[in-house]
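>>> I'd like to go over a predicted model; first the sequence, then the structure.
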Amino acid sequence: MFRNSHNFSISNGQFTNIEAQNNYYSTHDALSKLNPVADASYKSGHYSSCFPGTRVEILTSILEWATDHQSPPLFWLYGIAGTGKSSIAQTLCMQLQEKGFSVASFFCSRNSAERTNIKKIVPTIAHSIAIVETTYYEYVFHALEENPHIAKYSVLEQIKLLLLSSNTPLQKNWAIVIDGLDECADMEMAKDLLEALIDNAHELLAHIFIASREEKAMSMKFKNSSSATKVALHELQKSVVQADIATYIKFNLSQIEGLAPSLETCVKYLVNQSDRLFIYASTAVKYIAGGYSSLDRIQMLMKQQRLNGIFALYVEILQNVTVHLDDIEIQKLLRVLHFVMCLRKSTINQGTGVSPGR
Ligand SMILES: Nc1ncnc2c1ncn2[C@@H]1O[C@H](COP(=O)(O)OP(=O)(O)OP(=O)(O)O)[C@@H](O)[C@H]1O
Ligand SMILES: [Mg+2]
């Protein structure tokens, strides 16, 4: 026990075994070479989950896919901005966990330098698995001894070393969830990631769910692949999506004092305007609830003739913001808005201090 030991003393016959503690720290030291992102998992709560009773069908079908070992190893949920992909991904992680799955997730974000970096995805997922699975941990430990710079490797090499079941099967039932792949900075690398996942689909450690907007590069990769189940969120039956949006709007408006008499009309108007966009519904609800008079706000919105849907809503919000500003302040606000609109994605992430959507 004392072989190779030095700089220690035993006093008063007290002896404490700190072996277990040392193991804990060495485990985490070894894995730190993966350089994982600390706040990329669904547990960080970057997105809210779906309102209860909404998205039931799509969530059920994704859960069935995850549970069925015969189903294609990849699932691609794609859709235009604001259709609710991230909310579904967040809810999916929670429901998978409830069903007894172990979940490794990575939520990309163009607002975070780390969560926009494609090379962070596989090592972070591997880290999540390794802290739970002993044999996988041992495998990763040795892989890192031989390849201490895995975190910097190409995504293909990372997948080959860290995500293939031929290297080490897992004991528990795992599902991997990646959201917002289109938010990563390097679309070429995102394409490489998809290609590597598709090429190795039947050897992956677990089923992988991917949600993203429909970037051309991504659809090209998925299009001819039989290894992926593909669902376009914006193409789901309109009546089903609008029933969900109605549930969400109805509940939220019914919490606002003074709207009860016109509740049905307001809900109908907002559902109609939202088309299939949850972002419309959630922005409208926040806007209406946030004013001194919610009734005034919704009435003004309903009077909008010039534009429709999300455009009408944004115009209404901007007009409302500018009501209390003088001309000079309005000019300044416009300059900021123009600046933000003209920024290219890469510039936004390079320390301008301005992040889109804020
Ligand atoms: N089922 C739902 N219940 C309640 N709110 C929802 C639901 N789905 C989406 N939302 C709300 O709608 C807005 C847009 O949703 P979300 O961010 O999930 O869209 P997205 O498709 O991921 O958009 P993007 O392409 O920009 O990433 C968010 O404010 C979200 O909270
Ligand atoms: Mg999203």
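Yep, it's here. Numbers count the residues shown, from 1 in each chain. Ligands and ions are numbered 1, 2, ... in the order given.
>>> correct me if wrong: residue 117 contacts residue 183.
No - if you go by C-beta atoms under 8 Å, residue 117 and residue 183 don't touch, sitting 10.7 Å apart. Where you see a C-beta, it was placed from the backbone N, CA and C, and this is true even at glycine.
>>> how distant is stretch 39-55 from the center of its chain?
Counting by C-alpha atoms, centre = their mean, to the nearest Å, stretch 39-55 is centred 8 Å from the centre of its parent chain.
>>> thought residue 140 was touching residue 34?
Yes - between residue 140 and residue 34 there is a contact at 7.5 Å, judged by C-beta under 8 Å.
>>> more neighbours, these two?
Taking other C-beta atoms under 10 Å, residue 140 and residue 34 do not tie; residue 140 has more neighbours (26 against 23).
>>> now the more buried one: closest residue in space that isn't a chain neighbour?
residue 130 (4.7 Å; C-beta to C-beta, 6 or more residues apart in numbering).
>>> can you check residue 314 too?
Distance criterion C-beta to C-beta, 6+ apart; nearest residue to residue 314, sequence neighbours excluded, is residue 283 at 7.9 Å.
>>> what helix or strand is the one you found located in?
helix 278-289 (DSSP states H and E).
>>> and stretch 170-189, what's its mean pLDDT?
For stretch 170-189, mean pLDDT is 93.
>>> buried ones in that stretch?
Going by neighbour count (16 or more other C-beta atoms under 10 Å), the buried part of stretch 170-189 is 173-184, 189.
>>> out of the residues you listed, flag the one nearest to ligand 1.
Proximity of the buried residues of stretch 170-189 to ligand 1 (C-beta to the nearest ligand atom) peaks at residue 180, which lies at 5.6 Å.
>>> give me every residue that touches that closest one.
By C-beta atoms under 8 Å, 6 or more residues apart in numbering, the contact list for residue 180 reads 85, 86, 107, 108, 109, 110, 211, 212.
>>> quick check: phi and psi on the closest residue to the fifth one other than its chain neighbours?
On the basis of C-beta to C-beta, 6+ apart, the spatially nearest residue to residue 109 that is not a chain neighbour turns out to be residue 115, at 4.3 Å. For residue 115, the backbone dihedrals (degrees, to the nearest 10) come out as phi -80, psi 10.
>>> quick one: residue 115 from residue 40, how far?
5 Å (C-beta to C-beta, to the nearest Å).
>>> shared neighbours, these two?
Going by C-beta under 8 Å, 6+ apart, residues that sit against residue 115 and also against residue 40 are 106, 107, 108.
>>> picking up where we left off before, run the contact check for the helix holding residue 283 versus ligand 1.
Yes - using C-beta under 6 Å from any ligand atom, helix 278-289 reaches ligand 1 at 278, 279, 282.
>>> confidence score at the closest residue to the last one other than its chain neighbours?
When you say that, I think you mean residue 282. Closest residue to residue 282 apart from its sequence neighbours, by C-beta to C-beta, 6+ apart: residue 248 at 7.6 Å. Listed pLDDT for residue 248 reads 97.
>>> residue 248 should be in a helix, yeah?
Yes - the assignment for residue 248 is a helix, going by DSSP: H, G, I helix; E, B strand; the rest coil.
>>> tell me the pLDDT at residue 257?
85.
>>> please disregard the earlier target; I meant residue 311.
So, for residue 311, pLDDT stands at 80.
>>> tell me which residues in the helix or strand hosting it are buried?
According to DSSP H and E, residue 311 maps onto helix 309-322. In terms of neighbour count (16+ other C-beta under 10 Å), helix 309-322 has its buried residues at 310, 312, 313, 316, 317, 320.
>>> want to throw the residues you listed into TSV with distance to residue 302?
As requested, the buried residues of helix 309-322 are exported to TSV (distance: C-beta to C-beta, whole Å):
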residue	distance to residue 302
310	15
312	10
313	11
316	10
317	14
320	14
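>>> now for those: which two are most distant?
Pairwise distances across the buried residues of helix 309-322 (C-beta to C-beta) peak at 15.5 Å, for the pair 310 and 320.
>>> mind listing residues that contact stretch 324-338?
Residues contacting stretch 324-338 (C-beta under 8 Å, 6+ apart): 321, 322.
>>> let's see that with 6 Å instead.
Here stretch 324-338 makes contact (C-beta atoms under 6 Å, 6 or more residues apart in numbering) with residue 322.
>>> mean confidence for that stretch?
Rounded to a whole number, the mean pLDDT of stretch 324-338 is 86.
>>> pLDDT weak spots in the stretch 201-350 of the chain?
Confidence mapping of the stretch 201-350 of the chain against pLDDT under 70 gives the ranges 305-307, 344-350.
>>> the spatially closest residue to residue 289 that is not a sequence neighbour in helix, strand or coil?
Distances taken as C-beta to C-beta, 6+ apart put residue 256 closest to residue 289, at 5.6 Å, once the chain neighbours are dropped. Assigned by three-state DSSP, the conformation of residue 256 is coil.
>>> residue 256: how many residues sit nearby?
18.
>>> so how far is ligand 2 from it?
27 Å (C-beta to the ion, to the nearest Å).
>>> what score does the residue in the chain that ligand 2 sits nearest to have for pLDDT?
Residue nearest to ligand 2 within the chain (C-beta to the ion): residue 86, separated by 3.2 Å. pLDDT for residue 86: 97.
>>> please identify the helix or strand for it.
helix 85-98.
>>> packing partners for that helix?
strand 102-107, strand 174-179 (3 or more C-beta pairs under 6 Å, 6 or more residues apart in numbering; DSSP states H and E).
>>> swap the cut-off to 7 Å and go again
helix 56-67, strand 102-107, strand 174-179, strand 207-212 (3 or more C-beta pairs under 7 Å, 6 or more residues apart in numbering; DSSP states H and E).
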